[in-house]
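**Q** Here is my input, please return the structure:
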Amino acid sequence: MSALQPSAIQPLLSAKNLSVRFGGVLAVNNVSFDVKQGEVFTLIGPNGAGKTTVFNLISRIYTPTSGEIDYLGKKLTDQPPHKIAALGIARTFQNIELFEHATVLHNLLIGRHTHRQTGLWSEIFFTKKTREAEIQAREKAEQIIDLLDLQHHRDSYVAGLPYGVRKVVELARALCTEPKLLLLDEPSSGLNVEETDDMAFWIQDIKNELGITVLMVEHDMTLVSKVSDRVLAMNQGEVLAMGTPREVQNDPGVIEAYLGSIDDVSSLRRQHKAVDLHAEVRS
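**A** From the prediction side, this is the model:
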């Protein structure tokens, strides 16, 4: 078995005692978790909890102060950032990163760049090998366009598209790299309820139909509950809880981090019940 092929026992990704410090700020403190092949694993937590920093460590945008990240038995911390996509890791960004003055199709074809094996002279003279590679790239892009219902936007320039469509285009470009591991940084950010429901549907298809493992950062707990197999909650750079979505949402430490103390939450629930009862009486 190849060193970059998952096994039934080995996790796809393993973060071990990750810490990163920016000056006097400890942004991530001793964080450990495994991502299993074929699951949707989600990081949640308040703003500033360190979730996106963990993503940036995996993407090699940042280097950990201490700790290791293993991907299929290979140390990611030994890899330069430009090698990460070729290893089978793709990501989207909270702030969309697309080529706005290119079409949707051209943005997706850029995602195929890591699979091109033609040389400079082959490209210049557009040899048979180059033509075959171009056909394969377009076929893959068209498959992703069909999967994500982007047919009507194929030849549209990104700059003229609604925000929700741009989010889907960025997802499509990441999928065109044919990743084993897909990092989604707040995929529902800026989307309305209908668009978020569509995103949940597509994430499930990405997992079930394409067999891609998903590591996600997300604030929308409805989306998290719909698609996640396991959830890790963070606060102030540290792990609060890990388990199923229900287990994590019911964890006292997670409730306090999101809503305040347990007493505050109980008081808030009593107030909501009182409001509901008052509304019922008035009706």
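
**Q** can you tell me which helix or strand L175 belongs to?
**A** Using DSSP states H and E, L175 falls within helix 163-176.

**Q** Could you export that helix as PDB, CA atoms only?
**A** C-alpha atoms of helix 163-176 as PDB (Å, rounded to 0.1, in the frame of the first residue of the first chain):
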ATOM      1  CA  TYR A 163     -22.300  36.000  -3.200                       C
ATOM      2  CA  GLY A 164     -24.000  32.700  -2.600                       C
ATOM      3  CA  VAL A 165     -23.000  31.400  -6.100                       C
ATOM      4  CA  ARG A 166     -19.400  32.500  -5.600                       C
ATOM      5  CA  LYS A 167     -19.300  30.400  -2.400                       C
ATOM      6  CA  VAL A 168     -20.300  27.400  -4.500                       C
ATOM      7  CA  VAL A 169     -17.800  28.200  -7.200                       C
ATOM      8  CA  GLU A 170     -15.000  28.200  -4.600                       C
ATOM      9  CA  LEU A 171     -16.200  24.800  -3.400                       C
ATOM     10  CA  ALA A 172     -16.300  23.600  -7.000                       C
ATOM     11  CA  ARG A 173     -12.700  24.700  -7.600                       C
ATOM     12  CA  ALA A 174     -11.500  22.900  -4.500                       C
ATOM     13  CA  LEU A 175     -13.300  19.700  -5.600                       C
ATOM     14  CA  CYS A 176     -11.600  19.900  -9.000                       C
END
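
**Q** So which elements touch that helix?
**A** strand 89-91, helix 104-110, helix 128-147, strand 181-185, helix 193-208 (3 or more Cβ pairs under 8 Å, 6 or more residues apart in numbering; DSSP states H and E). (Each C-beta comes from the backbone N, C-alpha and C, glycine too.)

**Q** Take these and lay them out in TSV including mean pLDDT and distance to V231.
**A** Shown next, in TSV, are the helices and strands packed on helix 163-176 (pLDDT from 0 to 100; distance: least, Cβ to Cβ, whole Å):
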stretch	mean pLDDT	distance to V231
strand 89-91	92	19
helix 104-110	89	30
helix 128-147	75	26
strand 181-185	96	14
helix 193-208	95	14
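
**Q** Can you add distance to L175 and give those back as CSV?
**A** Listed next are the helices and strands packed on helix 163-176 as CSV, based on distance: least, Cβ to Cβ, whole Å:
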stretch, distance to L175
strand 89-91, 7
helix 104-110, 9
helix 128-147, 5
strand 181-185, 7
helix 193-208, 7
